[in-house]
Every structure is written in structure tokens, then in C-alpha cells.
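Chemist: No letters, just coordinates:
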């Protein structure tokens, strides 16, 4: 009889324990009441003793932003020089590594299109001279009452048309950077450097035929100063208001350190990477920094007072980070914040909190599953 009752007693005990556990679970479910982003904690809940709050304070700090960048030539000191017309290269006048001044001849090219532009310009100049003489003669005759007003108007119209044609021909020639004082029909065109710098590339071969839409065969650049383009994260961008120093080390030469200065801070955030472009200008007297080199940057920002909180105070939501800000006794509001790292234990809050806001600094994780 006792053996038959033993299993039944065990089932009764298990059911009793399960009932007590269910009662405890039901009690835990009522420890926190969620009203949107507001969490109300039952003052009788056991977690209350493990939740600690502190007022938000500011601390003086000189933050450092660590990022990567790419060396580029300064656009105004970089030129890709192409043939403005299709034609055959007669001579290459410079070599790679040669320093040139603005206006230095780079190469000569024979081109029928070039000759046509020069011819049109010379012809427009001649026609303008003829039209000007005709207009002056008609005006003189009209003043002496020999010619009619109609004759004068026709001469003026012809002169105005010739002047317009001459301006157009001159504009076309200047568009192709033709030196109109030296250009001659049937002579090769001399292509000149638009800037001072060093010849970094020269792919020309004497006698080769080049098309007008071909890639630029010659590159001239002044690399005594270069840019380093870096992308700063959205959360770190507010700290760029003041930058005291930028230290740059090249991936190719990790032991070298260069110094630069911020010359541009982007005003548009990349929607995909959530970063903002920043440009740092560096002196490069020895030419060690070459375009397309990768670099590591340490951007030292000017010291300011920042809101600093412990990492334990910041929770990760579905789409953003937040803290639990106390708005009444045992009542907390999920408050989105933007943060960046300060050290192993603390974070800088760049937006979302004000001085003296009371937030949970310990035990916030007890509420992390409250929905």
C-alpha cells in the first residue's frame, strides 16, 4: 500500500513546487510595468536594491579620434594632361620625374582639327578687319551725307556679325588652350602644362596616334603638400569642432609620423556608412606621402567638458543605444543617446543627456528585457 502511495505523494509535491514557482514568476512579471518607453518598477520588487542611480556630470577631456584615411593629391595641384584633338604625336618634350613650371611645353601633336580651329580664328580676324573698315567708311560717308542711313545700318550689322564670329572663334581656341599668338595653320600644336609640379606619368610614344577622348598620357602634380581623406563616424563628428593636432602614420612606413591640419569638414553624412568626410592637409617636402597610400590617423581634439557615463549605464536597443533616465520615484524613461568610447569603462555622450539628469548607472540590465 505504501509503495502505491509513494508515487502519488511525489506528484503532489512536484505540483506544489510548480505552483510556488508559477506564483513567483507571476510576481516577477509585475515587478515592472511598461508604458511605452516609460518603465515603472514595483518598489517592493527584489531588483530595487540592485538598481543604483547617479546624476549626469560633465568632465574635461581631450578626446582622440582614431581612424584611417587615403593620401590624395590636392586637386588644384594635380593635372591630367590629354591631347585636346585627335592627332599624331610628333615629339614628347618632358621625362618622368622632371619638374616643370606652368606653361612648360609637354608634347607636340599634328592635328587637322587643330589647324581648322586656328584657320577659323585667323579668318574671323581678317573678316572683322574688313567689316570694321567697311563700317568706318559707311559712317564717314553718312556723316558727309553721301551714304544713306540704310547703308550705315547694313555696314553696322555686318560689323557686329563679324565681331560676334571673331569672339566665338577666339573662345573655341581658348577652350582648347591654344596659344593664339604663336599658333600657325599647318604647324603642330604645342600642349603645355597648366600647373607647376613634377611629371608623374608620361605614356607618350613618338608617332603614335591619339584620340581626343583617350586617357590623359601625362600627369603633372605638385606633391609638396597632400591631402589625407578620412571618414569620421556620425557619433564622433561633433568632437571635430576643435582639433588641436592630427598625427598620421603610413601603412607602408609605420614608424613615420606626419602632422596635418583639418582643412575641410563634411556637411553631408553618407547614408550608407553613417560617416562624414574630413580632409587633412599635410606638408610633404620629401615626397614620402604618395597618392593612394593608406594611413592611420590620430585626431587630437581640443579639450571640452563632455557628459561621461559608465558603460554599464548604456543599453543597446533594436536600432539605437539608450539609458534609463529617472523621471520620478521608481520610474524611468528610455532615453536614446549617441556615445563614443572614452576608455575601457566609460563612454562620452555626445547627445541625449543634460547635466544633472538622473540615470541608472548600475543594474540597468535587470530591466533590459522589459518591453
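Modeler: Nice, thanks for sending it over. Not measured: the values here are computed from a predicted model. Numbers count the residues shown, from 1 in each chain.

Chemist: Could you list the domains of the protein?
Modeler: Annotated domains of the chain cover 31-61+306-367, 64-74+222-302 [automatic domain parsing].

Chemist: Pull the distance from the longest one to the chain's centre.
Modeler: Centroid separation for domain 31-61+306-367 versus its chain: 34 Å, with CA atoms, centre = their mean, to the nearest Å.

Chemist: C-terminal to the helix or strand where residue 170 lies, what's the next element?
Modeler: Under the criterion of DSSP states H and E, residue 170 resides in helix 149-175. Counting by DSSP H and E, the element after helix 149-175 in chain order, helix or strand, is strand 189-192.

Chemist: mean confidence score for that following strand?
Modeler: The predicted model assigns strand 189-192 a mean pLDDT of 92.

Chemist: partners of whatever helix or strand residue 232 lives in, with directions?
Modeler: Element membership for residue 232, per DSSP H and E: strand 225-233. The sheet places strand 225-233 alongside strand 64-73 (antiparallel), strand 275-283 (antiparallel), with pairing taken from DSSP bridges.

Chemist: Now do that strand: everything it contacts.
Modeler: 65, 67-74, 77, 240, 248, 260, 263, 270, 273-284, 289, 291, 295, 297, 299, 340 (CB atoms under 8 Å, 6 or more residues apart in numbering). Placement of C-beta: from N, CA and C, glycine included.

Chemist: from the chain's centre, how far out does the following helix or strand past that strand sit?
Modeler: Once strand 225-233 ends, the next helix or strand along the chain (criterion: DSSP H and E) is strand 243-250. Using CA atoms, centre = their mean, the mean C-alpha position of strand 243-250 is found 18 Å from that of the whole chain.

Chemist: In the sheet, which strands lie alongside strand 243-250, parallel or antiparallel?
Modeler: strand 258-265 (antiparallel), strand 294-301 (antiparallel).

Chemist: Check this structure for its longest helix and report it.
Modeler: Criterion DSSP state H: the longest helix present in the chain is helix 112-143.

Chemist: Not counting sequence-adjacent ones, nearest residue to residue 194?
Modeler: Excluding the flanking residues, the one nearest residue 194 by CB to CB, 6 or more residues apart in numbering is residue 79, at 5.1 Å.

Chemist: what's around the one you found, how many residues?
Modeler: Neighbours of residue 79 under the rule other CB atoms under 10 Å: 22.

Chemist: Residue 199 versus that one, what's the distance?
Modeler: Distance of residue 79 to residue 199, computed by CB to CB, to the nearest Å: 10 Å.

Chemist: Just put the strands paired with strand 243-250 in CSV and tack on distance to residue 36.
Modeler: As requested, these are exported to CSV (distance: least, CB to CB, whole Å):
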stretch, distance to residue 36
strand 258-265, 37
strand 294-301, 37
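
Chemist: okay, these, which one's buried deepest?
Modeler: Greatest average neighbour count among those goes to strand 294-301 (a mean of 18), per mean count of other CB atoms under 10 Å.
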